[in-house]
Each structure stands twice: as structure tokens, then as C-alpha cells.
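Enquirer: could you work out the structure for the sequence below:
(chains A and B)
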Amino acid sequence: MKKLMTGNEAVAYGAYLNGVRVGAAYPGTPSTQIMENFATYPGVFAEWAPNEKVAMDVAIGAAFAGTRSLVSTKHVGLNVAADSLFYAVYTGINAGMIIACADDPGMHSSQNEQDNRNYAKFAKLPMLEPADSEEAKQFAGIALEISETFDTPVIIRFVTRTSHSSSLVEVSPDQVPPPPGEPQPYKRNPEKHVMVPAFARRRHPVVEERIKKLAEYAETLSINRIEPGDDSIGIVAAGSVYQYAREVFPHATFLKLGMVYPLPKNIIRKFASMVKTLVVVEELDPFFEEQIRLMGIEVKGKEIFPMVGEFSPTLVRQCAVAAELINESGAEAEAVATMAVNAAAKLPIRPPILCPGCGHRGMFNVLREAGVLVLGDIGCYTLGVAPPLNALHFTGCMGASIGVAHGVDKGKTKDRFVALLGDSTFFHAGLHPIVDVLYNQGTTTTIIADNRTTGMTGHQHHPGTGYVLQGKPTKFIDIEKVVRGIGYEKVDVCDPYDMDTFRKVLEDHLESREPSVIIALKPCVLQTKEKHTPPRIDPELCTNCGSCLDIGCSPLIQEKDFVRIDPLLCNGCGLCMQVCPMEAIIRD
Amino acid sequence: MRKLDFLMAGVGGQGTILASNILAGAGVELGYDVKTAEVHGMAQRGGSVESHVRWGEKVYSPLVEQGKVDYVIGFEMLEAGRWPMYLHKDSVVLINRYRIPPPAVNLGKATYPPDQEIEAILSGKGSRILWIDATEIAKGLGNPAMVGVVLLGALSRLVGGAEDVWQSVIERQVPAKFVDLNIRAFQEGRSSMSA
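Expert: Take a look at the predicted model:
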């Protein structure tokens, strides 16, 4: 029987079917649903780790202990986990280990569009890339086999379009994972597992030898396959890009790569000799192209297709037409279309915004009024950058806010400044820099916008929610106690709905010139379902001054001579009532 | 076997993802190869949402190519208007007559495009535009969240396929206590198209 599954669902299913019993991850678009789905299977342990490095270590440890494991992450999460990735390639693993890693070309929800295929080459480990959900399921099994045969973790690479696209997957109710074995004694092997220089030096040649053997193995893998066709063009492609190219070049000869590192050089040589023009279609970096060119083979790639942005069948076709790889006559009604497209481009945009009732809004309103430089971080609150709030001035990567603020402090500025990050981000990468501020006698005030969830990725638990991934209660790690425990003496917990109090607390902290923490505590209203009676605006009292519109809340709608509130959208938080100078916003 | 490509356009929170899952499920039930593509964007709510559903004998790309979409289903008028590049001369655009003003309009810094402007943008290649008061119908049923299923009801009339096939997919995909309401929403959408 066949079932529609996203790539994220399918790789979790494949991992489960193949006996993976430990999974760890930190949420990150587009990878989040891998661990959420894995956690639903019986007999597995799955966790949200505080960050990707911890998740990677947990998966490595499970594999050391003899249990197949899965770590999932978005592309930039692998940067956080890179230190652990590199040692695991040296130590090897005991049971099979999958690293499911999802890139985000086009940056739908990311700060960069790094091509993580480079990590396979950099850290010297094999990487597979599925082109649809059925492959995502199957590649999980292949990855585990490779992992155990070659004693190495294996990366399965996704991109947004393979993670979040659905396609049919063969599902058999009879197919169940092998039963778990009895726990075995831990294989103590310091020469292999303790990476002091003397031992690590012996491991490096093993790594080099292994990747050579993997390249030989790649020649035999059926997931690297030549699909015969017209020999005038030969296309090399993998992943979702293979699917786009298949539509644009329906008759071409294809080399479809399932293993994207190391490459099967003999197959590539054979393929190149079969076709007149060799073309690599690959998103982001010229990863295949450079390696093929180094083999002395003439190949076209980035001279035709861009290095930047997400591909689509439309883009692949446009590039192929421009390079005269295909002839396209479909220019009928082109002028009309161009006019319509231009008109559509002028329609008002609809960017993501803070939700009605969001606690971050009151906080940003106070920060903007105070004219404070806000060194921000990654989460829903990054949306504070958008008009009309315009109240966030830096976002780099997870946890960067506090360290950058400390640097701004030491680098000196005339501006008053704060570091701002969320609760989940604090546990992810905020603990170390908040220690640094205290240790190195900084004056940074850190605001932790605590909404008791990982909001942006869709409400996942974290150490400060009191619940584990599966929603079961666990030890609640109290951020206030954490920062007091570290040694912060000036700590306030404050409800950002109450802007007057929040304003006073902020001014007090900034004036004190001592390292301090404000916890702006307001649980996410989408999560708690907190809702109050929507207020209304009395058009007689409204002078149309626009003060309420400046808080950037979508139910507030500008009419000709006044502002009104859409009661269907309104959460009833009452922030607009606090900012109206005419007291025209009334709750009946 | 023919191919059918759909594009659903709406605002985060309107239920486009559930609707595209039902549409994809109906395609499977009717014997097609099916793929879908969507982006879980930055914010939980309020941004533009675009989701592709493809039915065919063999579907490669989960994303539809521009100029090849057969049906655009606009959950919101402005969002429907963004996608003329996906249309061909025989496309059908089904638009819910419902406005959600984007931030710039709320702030009085832009105007919401009038109906004729949206029609002009979308009918450039000769596509057929069909308006439907899906939100009104859903509100009439007591739940504006039914808008997606109302639209699917209307779409089912255009696309074909036995009514019970669609309804069986809805029964499988929505929580048990909402099945009756969803079926009613589907039927109301369906009968709105026969008029």
C-alpha cells in the first residue's frame, strides 16, 4: 500500500523500520518534523536536545553503546554540531548512525544558504541525497548499512523541497523493525575513542583509507544510476533538482546520483563518454562540477545555472533556454503575461508578522520608545525588525545576541543597548555568552523573551517548558534560577503586556550599568489559547492619530477617518488600549 | 491519463495546508501519482502561503512550472492575484471573495486592490475566473475555518471524481468530531458551483 509522506516523515519511518532506537535533534526549519515523526514510533527514545551539538553527541553515544541512532538538523545546525561531527568521523561508531540534515536554498526560514554537501568532503564522510520521499525511506536503510560496514556516521542530505514535499511511499503493515538486542558491554577502546593527539594521528590514515574505499563502493551502488536517453545532452543531478531537470529535459540521458559524496568517478567517466555535452544541474555550490572538472572532463554547470537561490522547474527551463540547451517556442501571449506579472509584483506584500496577542509586541514597543540599540537573535522576535516596530538592529545566528552585545559594550558606543533572545535560544547558545558578560565585567542587560516554547518552528518543547518532546512532564529548568545561579544579582521577571512596568524595569536596568537580566515572561498565546474580549474603537473619540497602528498589530485597520478593530482577528490583549492617547479603545 | 496541477494561495492560518493534503489524498484515491510542495514559513500566522499539488500519471517535480497550473484556488483575493505567471489560457481561477488586508494596507500606506484589478491580472491569458463566497458559506455553517473544505467542494465539481471519493478522504483526514461539519461544508461548496 502507498501513502503520501513528506521527506521528513519518510526518513523517520525508514530509520524506525531499520531499527534506529535513539533520536536527538534541536528544532529547525525545514528539518523539525523528522524528530517529531520519529518520536511517534513505538519503542524508540527521541529527544529535543538544547542544541544540535548536544543532539549529535547523544546520537554518537547511542551508536557507541550499540544502538542505531538518528540526529536531525537544519543546515546551520550542523555548524553548531560540527566539532562533534569531525571527531565521530575519526572515532567511528559501533552501531549505525544517520545524520539527517536539511539545507534551505532560497532561505525560506534561515540566515544563509550554505551548501552542506561541502561538509561531507570537509569532514570526510559519506553523504546520500534522496530525490523524493520513497528514496528518503530507502536511503535510511542504505545509510545504516554503509555506516556499519565502513564504521562511520552517514549524512542524508535534504533540502526544503525534499523535506517538505509529499510523495507516495510504499508502506507495508507487515514490515516491522528487528527486535532490539540485549544490552552489550560497552566496547572500551581508548585507541579508537580517545582522541588525544597520539591516538588521533593513528586514526587520520584510517579516515583517508575509508573514504577511498567508499569511493570504490559508490561505483557499485544502484542508487547511482545512468538513465539512458538521447545522447546529445547528459545531465548529472541529485535530489529535488533531478526532478526539475527530468521535466525540463524529458529525453536526455541522466546520471542520477543517490550518493553525492564520495563520487563514483568510473561511472562519471563512462557517462561522460556516452554523451556529447555534459551538464551538471545543481543548486548552490558547484560541488559536482568542480570534482568532475578536476577529473579532466569538460563539463557545463555554473556558467548556465546560478549559485544563488532556490531552483525550480521554471528556473531550470529558463536557464536551459538561455544557454540554448533546449528550444522553447512557447512564447504565446508572452506580452500579456509580462504585463500581468508586473502588475502582480506591485500588489502589497504580506510579510510574516508577530501574531495578535504576542507578548513580544509590548516589549518591542517599549524598546523602540526608549531608542535602545537591540542586538537580537533568532526566533519569532526577529520579526521586531519589521515596520512599524523597527525595533531590532542585529540578528546573526543562534545565541549571537549576548556575545555581540558584550563586544559592543567593550568596543564602546554612545548608544544604550540590550541583548535580546528567546527562551529556547537561551538554552541553545545563550548560556556561554551570558557567563562571559559576568566573568569579564561587562554591563550588558540581557532580555530573555520567554514565551515558554520554541515558537518559530511550530511550538516545540525545550528545557524551560517543563515538558519533553512527547509532551510528558519533566524537570522544569527555571531561567531565573539559572541566571541567579550563575551569579547575576540584578534579575527581574516582567510581563511585557504591562508596558508601564516593563518600561520602568528597562530604565532601571540600563541606568544601573551593571550586568543584568530581564525575563520578559509571556507564554505564547497560540500555545496557551489565551484570548480576551476584543476591544472596540469608538469612532467619535478616535482622532485617527495612528498611535495604535504603530504597534503593528494586524486586527487594527485604517479606515478613512478612523481606525477599527477586526474582532475575528483580535486576541484581546489590550496593548492598543495602553497606547491610545485619546482613550478611544474601549472594552465593553 | 491527464495531468492536473493545482496552486493553493492564502494567508497563514487559513487552512491551506489541510486543504492541500485533502486534495492530494483525493488524487491518490483517483489513481494518480501525486506530489505536493509547501513551505512552512517564518511566522506561525499572517504571511503569504503557497502550496502546490500535482496529479499525473508520473509526477517528477513537486513544484509546478510557471504557465502550467490548471487550477488556482485563492483562499484570499489578494493572494490569488499574485500568481498570473503560473496560468495558461485554459486555467481556472477559483477565488474566495474575502479580503485580509496586509500590514501596509492596515497602516494606510497601500490600498487593497479592487476586484477588477485582480481579475485583470489573472485573466490576461484567457483564464476563467470564478468567484465564490466561501468564507460567507463557512460562517453560515458556524465556523469560518471550514473555508478550505468549501473551496474543495467547489473545486471537486470542476475537477470531477465521484463525490464519495472526496468525502472518504475528508473523513480520514479531519478529526472525528468535525467530520459531519466538514462534509456539510464540502457539499455546500459543491452545490455553490452548480448554480
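
Enquirer: quickly list what the closest residue in space to A:F158 that isn't next to it in sequence is bridged to.
Expert: Nearest non-adjacent residue to A:F158, counting by Cβ to Cβ, 6 or more residues apart in numbering or on different chains: A:A102, 4.0 Å away. The C-beta positions use only the backbone N, C-alpha and C, and glycine is treated the same way. On the basis of DSSP bridges, A:A102 is bridged to A:K74, A:F158.

Enquirer: quick one: neighbours of A:A102, just the number.
Expert: Per other Cβ atoms under 10 Å in any protein chain shown, the neighbour tally for A:A102 reads 31.

Enquirer: next: A:M582.
Expert: 15.

Enquirer: got it, and A:H428?
Expert: Neighbour count of A:H428, defined by other Cβ under 10 Å: 29.

Enquirer: tell me the secondary structure at it.
Expert: helix (DSSP: H, G, I helix; E, B strand; the rest coil).

Enquirer: same question for A:P173.
Expert: coil.

Enquirer: show me the contacts for the residue nearest to A:F158.
Expert: A:8, A:28, A:30-31, A:34, A:72-75, A:157-160, A:162-163 (Cβ atoms under 8 Å, 6 or more residues apart in numbering or on different chains).

Enquirer: now do the helix ranked longest in chain B: which elements does it pack against?
Expert: For chain B, the helix with the greatest residue count under DSSP state H is helix B:179-194. Where contact means 3 or more Cβ pairs under 8 Å, 6 or more residues apart in numbering or on different chains; DSSP states H and E, helix B:179-194 is packed against strand B:128-132, helix B:134-140, helix B:147-159, helix B:163-173.

Enquirer: for it, C-alpha coordinates in CSV please.
Expert: What follows is helix B:179-194, C-alpha atoms only, in CSV (Å, rounded to 0.1, in the frame of the first residue of the first chain):
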residue,chain,number,x,y,z
VAL,B,179,-16.3,15.1,10.1
ASP,B,180,-20.0,16.0,9.8
LEU,B,181,-19.3,19.7,9.7
ASN,B,182,-16.6,19.2,7.1
ILE,B,183,-18.9,17.1,4.9
ARG,B,184,-21.6,19.7,5.1
ALA,B,185,-19.0,22.4,4.1
PHE,B,186,-17.9,20.3,1.2
GLN,B,187,-21.4,19.7,0.0
GLU,B,188,-22.3,23.4,0.2
GLY,B,189,-19.2,24.3,-1.7
ARG,B,190,-20.0,21.7,-4.3
SER,B,191,-23.6,22.9,-4.8
SER,B,192,-22.4,26.5,-5.0
MET,B,193,-20.7,25.6,-8.2
SER,B,194,-23.6,24.0,-9.9
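
Enquirer: distance check, A:D415 against A:V80.
Expert: Using Cβ to Cβ, to the nearest Å, we find A:D415 at a distance of 29 Å from A:V80.

Enquirer: I misspoke; the intended subject was A:A584.
Expert: Applying Cβ to Cβ, the value for A:A584 to A:V80 is 48 Å.

Enquirer: may I ask you to confirm that A:Q243 is in contact with B:S61?
Expert: Yes - contact status for A:Q243 versus B:S61: in contact at 4.4 Å, counting by Cβ atoms under 8 Å.

Enquirer: who's more crowded, those two?
Expert: Higher neighbour count among A:Q243 and B:S61: B:S61, with 28 against 24, using other Cβ under 10 Å.

Enquirer: spit out the contact partners of the more buried one.
Expert: Taking Cβ under 8 Å, 6+ apart, one finds A:S240, A:Q243, A:Y244, A:R246, A:E247, A:S312, A:P313, B:K35, B:R54 in contact with B:S61.

Enquirer: and the next element down the chain from the strand or helix carrying the third one?
Expert: Okay, so that is A:Y244. Per DSSP states H and E, A:Y244 falls inside helix A:239-248. Where DSSP H and E defines the elements, the next helix or strand beyond helix A:239-248 is strand A:252-256.

Enquirer: which positions are bridged to A:A252 in the beta structure?
Expert: Bridge pairing for A:A252 - DSSP bridges - gives A:D230.

Enquirer: setting aside sequence neighbours, what's the nearest residue to residue 159?
Expert: You didn't pick a chain, so chain A it is. Nearest one to A:V159, counting by Cβ to Cβ, 6+ apart, is A:D103 at 4.8 Å.

Enquirer: switch to chain B, that's the one I care about
Expert: B:L4 (6.6 Å).

Enquirer: before we move on, what about A:Q470?
Expert: That would be A:A39: by Cβ to Cβ, 6+ apart, it lies 5.8 Å from A:Q470.

Enquirer: who are the contact partners of the one you found?
Expert: With Cβ under 8 Å, 6+ apart, A:A39 has these contacts: A:G23, A:A46, A:L469, A:Q470.

Enquirer: can you redo those as a markdown table with pLDDT?
Expert: Below are these laid out as a markdown table (pLDDT from 0 to 100):
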| residue | pLDDT |
| --- | --- |
| A:G23 | 98 |
| A:A46 | 98 |
| A:L469 | 98 |
| A:Q470 | 97 |
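
Enquirer: which of those count as buried?
Expert: A:G23, A:A46, A:L469 (16 or more other Cβ atoms under 10 Å in any protein chain shown).

Enquirer: the residues you listed: which ones sit near chain B?
Expert: When the buried ones among the contacts of A:A39 are checked against chain B using Cβ under 8 Å from any Cβ of the partner chain, none falls in range.

Enquirer: of those, which belong to strands?
Expert: Cross-referencing the buried ones among the contacts of A:A39 against strands under DSSP state E gives A:G23, A:A46.

Enquirer: ok, the buried ones among the contacts of A:A39 vs chain B, which is closest?
Expert: A:L469 (18.0 Å; Cβ to the nearest Cβ).

Enquirer: identify the bridge partners of the nearest residue to that closest one once chain neighbours are set aside.
Expert: Closest residue in space to A:L469, ignoring its immediate chain neighbours: A:W48 at 4.8 Å, by Cβ to Cβ, 6+ apart. Beta-bridge partners of A:W48, counted by DSSP bridges, are A:A25.

Enquirer: A:W48 - how many residues pack around it?
Expert: Residues lying near A:W48 (other Cβ under 10 Å) number 27.

Enquirer: same check, this time on the one 4 residues further on
Expert: As a burial measure, A:E52 scores 31 neighbours (other Cβ under 10 Å).

Enquirer: hmm, it is touching A:L78, no?
Expert: Yes - with contact defined as Cβ under 8 Å, A:E52 reaches A:L78; the gap is 6.8 Å.
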